[in-house]
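Trainee: kindly generate the corresponding structure for this input.
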Amino acid sequence: MELFDDEWMNKYKDAWNTAPEVSGELAKVGFTTTIAIGFQDQPKAHAFVKVENGMITFAGAYDGSPLDWDMRAKKDQWEKWMNDPPGMMGLGSAVTFGKMKFASGDFGTMIKNPALATPFVKSFALMAKVK
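Mentor: From the prediction side, this is the model:
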């Protein structure tokens with residue numbers, strides 16, 4: 001299993017959908033979106049998820065679909081987060097210092113909204129559970 005391949009993405013989907021601190025909290029606010037994950041040195045996202053009312057309904061290779069969020073980091077940074085998930089401060093620092101970039105989506109607006117920020121941070125801890 002490779003980072004962000006279909007098998008990895010589907011295990012992440014299962015972790016997300018069974019984590020009330022992420023899917024349950026996002027369902028409360030009717031969160032529906034598309035979120036891509038990729039590498040900073042690649043022209044397009046590697047993989048993405050479709051979220052409907054807090055639950056991931058699709059996870060897999062990016063197919064060119066319109067994106068609300070497109071998060072990019074270097075592969076070694078993603079791998080570091082798999083072993084040591086960042087908290088709110090760590091993510092803020094990563095964005096500030098360019099270790100994480102958003103090709104689409106507004107990190108500042110999202111992180112100021114507690115209904116989104118807390119599950120967003122917790123979604124990184126879920127990534128660390130995918131083995």
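Trainee: and the contacts of the least confident helix or strand in the chain by mean pLDDT?
Mentor: Using mean pLDDT, DSSP states H and E, helix 107-111 stands out as the lowest-scoring helix or strand of the chain, at a mean of 83. Identification of contacts with helix 107-111 by Cβ atoms under 8 Å, 6 or more residues apart in numbering yields Met88, Leu91, Gly92, Val95, Leu116, Ala117, Phe120. Every residue, glycine included, has its C-beta placed from N, CA and C.
Trainee: format the residues you listed as JSON lines; extra columns: secondary structure.
Mentor: Below are the contacts of helix 107-111 laid out as JSON lines (DSSP: H, G, I helix; E, B strand; the rest coil):
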{"residue": "Met88", "secondary structure": "helix"}
{"residue": "Leu91", "secondary structure": "helix"}
{"residue": "Gly92", "secondary structure": "helix"}
{"residue": "Val95", "secondary structure": "helix"}
{"residue": "Leu116", "secondary structure": "helix"}
{"residue": "Ala117", "secondary structure": "helix"}
{"residue": "Phe120", "secondary structure": "helix"}
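Trainee: Lys13: which of the residues you listed is nearest?
Mentor: Phe120 (16.2 Å; Cβ to Cβ).
Trainee: who wins for neighbours among the contacts of helix 107-111?
Mentor: For the contacts of helix 107-111, the largest number of neighbours (other Cβ atoms under 10 Å) sits with Leu91, at 21 neighbours.
Trainee: hmm, that one is touching Lys122, no?
Mentor: No - assessed by Cβ atoms under 8 Å, Leu91 is found out of contact with Lys122, at 11.2 Å.
Trainee: residues in contact with the residue nearest to Ser23 when sequence neighbours are not counted?
Mentor: Excluding the flanking residues, the one nearest Ser23 by Cβ to Cβ, 6 or more residues apart in numbering is Gly54, at 4.6 Å. Residues near Gly54 by Cβ under 8 Å, 6+ apart: Val22, Ser23, Gly24, Glu25, Leu26, Ala27, Lys28, Val29, Gly30, Phe31.
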